[in-house]
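K.L.:
just to be clear, the model below is a prediction. Sequence and coordinates:
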Amino acid sequence: MHGLEIMARSMSATAIPDKFGNNWQYHSQSDRHSKIACWALMFDLLNHCPLLRRHAQDSKIGFGINHGMRDFQTARTKVLDLVIGTPRKAGAVAGPTRTFNDLADSCGIILSPDEQDILASLPRVPVVPVGNVSVALEAKATMTAHVKALPRLHDELDSSHQTIHGDTDAAIAAALITINASSHFLSTSKNKHLATPESMIWNREPQPKAAERTVAKMREIRRRSAPGTQGFDAMGIVLIDFKNDGSPCLISTEPPAPTTSDGDHYANMIGRISTLYASRFAGF
């Protein structure tokens, strides 16, 4: 799979300017990181789910970024980071349709030569208003002050699967959670000035304790094994070593990062989504 390498490589670019003259890799008020994560995950799904790829080739599916879904029971609306499903014809935007391939540039995706060749071989999935939802994904990241953010992060994720299944019970609800395992991080909220080496204000985290506690809390989020119940159908946890100081973002494989025997390992999440898609939408 290529998704994690694409995520790390793309997030390493200093591509977010602020009004103080800084160029950041990550900014708390930007959704660049979640768009990168969604694009990378879609790349792997198209490569590892033959039925999804065939549906894309047959123009049966499209996808949306930042797509609103409504819980039928509560009328609560929530914007999901990535949604895959049948295109909604009514109200579709006229004119040329962007595709998954086109989004690589606008999302800041950096591909290796091999990945560029793979992308060229994939069907061109259109970015469209989605009608009937097959897969809905929430991508969340916590970069610093993990313990303080845990209650909000848990509640936001818990409400996501409720909204997805309140809208479409058969939809595959997935979550991708990125946790920073670095002990040092430059927060944009603390560096509202030109951040020179002498003036940088660092956040410091007690690692690996903070990451361990965050992983443990994320594993408390409900998951389900069949439709008709509450919880995510698939969940992935990714740990990164990321300082936001211009140095590369690295994928962390050290504990408490999930191992290949854990259900929330990234590759196992992709495999589970692919298996569920093949079983639930084989007759589509």
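P.N.:
Great, that's in hand. Residues are numbered from 1 along each chain as shown.

K.L.:
mean confidence (pLDDT) on stretch 165-177, please.
P.N.:
Averaged across stretch 165-177, pLDDT comes to 93.

K.L.:
list the buried ones in it?
P.N.:
H165, G166, D167, T168, A171, I172, A173, A174, A175, L176, I177 (16 or more other C-beta atoms under 10 Å). C-beta here means a position set from N, CA and C on the backbone, and glycine is covered the same way.

K.L.:
phi first, then psi, for the fifth one.
P.N.:
Taking degrees, to the nearest 10, you get phi -60, psi 150 for the backbone angles of A171.

K.L.:
list the contacts for it?
P.N.:
Listed by C-beta atoms under 8 Å, 6 or more residues apart in numbering, the contact set of A171 reads G85, V133, S134, V135, A136, I164, H165.

K.L.:
excluding sequence neighbours, find me the nearest residue to the last one.
P.N.:
Nearest non-adjacent residue to H165, counting by C-beta to C-beta, 6 or more residues apart in numbering: A173, 6.0 Å away.

K.L.:
right, and that neighbour touches L157 too?
P.N.:
No: in this structure A173 lies outside contact range of L157 using C-beta atoms under 8 Å: 10.1 Å.

K.L.:
in stretch 256-271, what's buried?
P.N.:
P256, A257, P258, D264, H265, Y266, N268, M269, I270, G271.

K.L.:
as CSV, those residues with pLDDT, distance to A56 and secondary structure would be great.
P.N.:
What follows is the buried residues of stretch 256-271, written out as CSV (pLDDT from 0 to 100; distance: C-beta to C-beta, whole Å; DSSP: H, G, I helix; E, B strand; the rest coil):
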residue, pLDDT, distance to A56, secondary structure
P256, 97, 35, coil
A257, 97, 31, coil
P258, 97, 28, coil
D264, 97, 26, coil
H265, 98, 25, coil
Y266, 98, 22, helix
N268, 98, 23, helix
M269, 98, 20, helix
I270, 98, 16, helix
G271, 97, 19, helix
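
K.L.:
who touches stretch 272-284?
P.N.:
45, 48-52, 55, 60, 134-135, 170, 172, 174, 233-234, 263.

K.L.:
just the buried ones out of those, please.
P.N.:
If we count by 16+ other C-beta under 10 Å, the contacts of stretch 272-284 have these buried: L45, H48, C49, L52, H55, S134, V135, I172, A174, D233, A234.

K.L.:
test my guess that the second one contacts Y266.
P.N.:
Going back to what we said before, that points to H48. No: in this structure, H48 is not within contact of Y266 by C-beta under 8 Å, at 11.5 Å.

K.L.:
okay, and the common contacts of these two?
P.N.:
M1.

K.L.:
ok, back up a step: mind listing the shared neighbours of A173 and L157?
P.N.:
In contact with both A173 and L157: F232, using C-beta under 8 Å, 6+ apart.

K.L.:
hmm, who's touching the lengthiest helix in the chain?
P.N.:
Ranked by number of residues, the top helix in the chain under DSSP state H is helix 146-167. Contact partners of helix 146-167, identified using C-beta under 8 Å, 6+ apart, comprise 69-74, 76-78, 80, 133, 136, 138, 140, 142, 171, 173, 175, 177, 179-180, 205, 210-211, 213-214, 217-218, 220-222, 227, 230-232.

K.L.:
select the helix or strand of this structure having the lowest average pLDDT value.
P.N.:
Here the helix or strand of the chain ranked lowest by mean pLDDT, DSSP states H and E is strand 62-70, holding a mean of 80.

K.L.:
what about the strands in the stretch 151-284 of the chain?
P.N.:
For the stretch 151-284 of the chain, the strands defined by DSSP state E, counting those that start in this stretch cover 172-180, 184-186, 202-204, 234-241, 250-251.

K.L.:
return the most buried member of those strands.
P.N.:
strand 172-180 (a mean of 26; mean count of other C-beta atoms under 10 Å).

K.L.:
please name every helix or strand in contact with that strand.
P.N.:
In terms of contacts (3 or more C-beta pairs under 8 Å, 6 or more residues apart in numbering; DSSP states H and E), strand 172-180 is packed against helix 32-48, strand 130-142, helix 146-167, helix 209-218, strand 234-241, helix 266-280.

K.L.:
hang on, the earlier thing: in the longest helix of the chain, what's buried?
P.N.:
Result for helix 146-167 [16+ other C-beta under 10 Å]: buried residues 146, 149-150, 153-154, 157-167.

K.L.:
likewise stretch 208-223?
P.N.:
For stretch 208-223, burial by neighbour count (16+ other C-beta under 10 Å) applies to P208, A210, A211, E212, T214, V215, K217, M218, I221, R223.
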